[in-house]
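> coordinates only, no sequence provided:
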């Protein structure tokens, strides 16, 4: 429990997890997306950071585990919070250093999708992360959502 200043009351300590995702774009402007094995949803590759790893090494690890690719983070493009689940997601535009996309125990399928096809495959909460990664260099986008829809 955490004290609430000036009230004498307490509240449960906030608990958040931090996830990382890769926005990987090929020479044709298509995004690499994965279809998760646990819920069959399409998303950018990534996952939850371990307590003892850096953000960059966690991103590289998660992408390698899910796709077999070795990537290099190029730029932080967005920060997203799932308000219902307390998950903060950091999305990085990444370059592929080695490998070809493959499936894994966590991934049923991989695909390269053009930006105009993302809405057919994933919710706005995930689609916008990839679209934000196309923005020219500048500060990362910051957004909140409920796991499906964005809060405007």
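Received, thanks. Since this is a predicted model, take the numbers as computed values, not measurements.
> surely residue 101 is in a strand?
No. Assignment of residue 101 by DSSP: H, G, I helix; E, B strand; the rest coil gives coil, placing it outside any strand.
> how many neighbours does it have?
Residue neighbour count, defined by other C-beta atoms under 10 Å, stands at 21 for residue 101. All C-beta atoms are positioned from the backbone trio N, CA, C, and that covers glycine.
> so what's the residue nearest in space to the middle of the chain up against?
Most central residue of the chain, judged by C-alpha distance to the mean C-alpha position with C-alpha atoms, centre = their mean, is residue 21 at 3.0 Å. Contacts for residue 21 were tallied using C-beta atoms under 8 Å, 6 or more residues apart in numbering; they are 43-46, 59, 89-92, 129.
> wait, doesn't residue 55 sit right on residue 89?
No. Counting by C-beta atoms under 8 Å, residue 55 does not reach residue 89; the two are 11.5 Å apart.
> quick check: neighbours shared by these two?
When contacts are counted by C-beta under 8 Å, 6+ apart, the set common to residue 55 and residue 89 consists of 18, 20.
> those two: which has the busier surroundings?
With neighbours defined as other C-beta under 10 Å, residue 55 and residue 89 compare such that residue 89 has more, 22 against 14.
> packing partners of the strand or helix carrying that one?
Using DSSP states H and E, residue 89 sits within strand 87-98. In terms of contacts (3 or more C-beta pairs under 8 Å, 6 or more residues apart in numbering; DSSP states H and E), strand 87-98 is packed against strand 17-24, strand 46-48, helix 55-67, strand 70-82, helix 124-132.
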